[in-house]
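Asker: No sequence on hand, only this structure:
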C-alpha cells in the first residue's frame with residue numbers, strides 16, 4: 001500500500017511538473033493588423049508620401065505571453081511595386097517611414113530600417129507594442145487607372 005501511494009504521488013508530481021514547465025516555457029506572440037497602408041487616390045504622374053505618422057499608414061499591434069521580458073525581432077518582406085494586373089507602380093520604404101512604440105501615439109516612436117531585422121530588447125509579456133509602416137508611391141505617366149495592390153509581410157519572433 002505504501003509503494004502504491006508513492007507511485008501515485010510521483011505520478012502527480014510528474015504531471016504537475018509537466019504542466020508547470022509548459023506554462024513556464026510557452027512562447028506565443030499575438031499580432032493584430034489594425035490598419036492597411038492606404039495611398040487613396042493617386043494622380044498619374046505624381047508622387048504620394050505616407051509617413052508613419054499618417055492615419056493611412058499600416059499599423060500593427062503585438063504582444064507576447066512568454067514568462068518575463070524577451071528580445072523580439074521584427075522584419076518585413078516588402079514589395080518594390082504595386083500592381084493592378086497590367087501595370088506596376090514603384091513603391092519605396094525607408095527608415096523615415098517605419099517606427100515602433102509601446103504607446104499608440106506619435107510621440108516617443110523609434111524609427112528603424114524596414115529592410116533589416118530589428119531587435120527590441122526587454123519586451124514585457126502581455127504589454128502591447130505598436131509598429132507603423134508608411135511609404136512613397138510614384139505614379140509615373142503611362143500607367144493605367146485602377147486599383148493597385150501589393151503584399152506586406154510582417155514577421156515578429158523571439
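Answerer: Perfect, thanks for sending it. Predicted model, so just to flag it, every value in this text is computed and none were measured.
Asker: all contacts plus neighbour counts: C-alpha atoms, from now on.
Answerer: Will do.
Asker: Could you check how far residue 101 is from residue 56?
Answerer: Relative to residue 56, residue 101 is positioned 17 Å away (CA to CA, to the nearest Å).
Asker: oh, I was asking about residue 67
Answerer: From residue 67 over to residue 56 (counting by CA to CA), the distance is 34 Å.
Asker: Same question for residue 147.
Answerer: Distance of residue 147 to residue 56, given as CA to CA: 16 Å.
Asker: And the helices in this structure?
Answerer: In the chain, the segments counted as helices under DSSP state H are 2-25.
Asker: in it, which segments are predicted with low confidence?
Answerer: Applying pLDDT under 70 to the chain flags residues 1-27.
Asker: contacting residues for residue 37?
Answerer: Taking CA atoms under 8 Å, 6 or more residues apart in numbering, we find residue 37 in contact with 56-59, 133-134.
Asker: cutoff 6 Å now
Answerer: When contacts are counted by CA atoms under 6 Å, 6 or more residues apart in numbering, residue 37 touches 56-58.
Asker: is it possible to export those to JSON lines including distance to residue 85?
Answerer: Shown next, in JSON lines, are the contacts of residue 37 (distance: CA to CA, whole Å):
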{"residue": "56", "distance to residue 85": "23"}
{"residue": "57", "distance to residue 85": "23"}
{"residue": "58", "distance to residue 85": "23"}
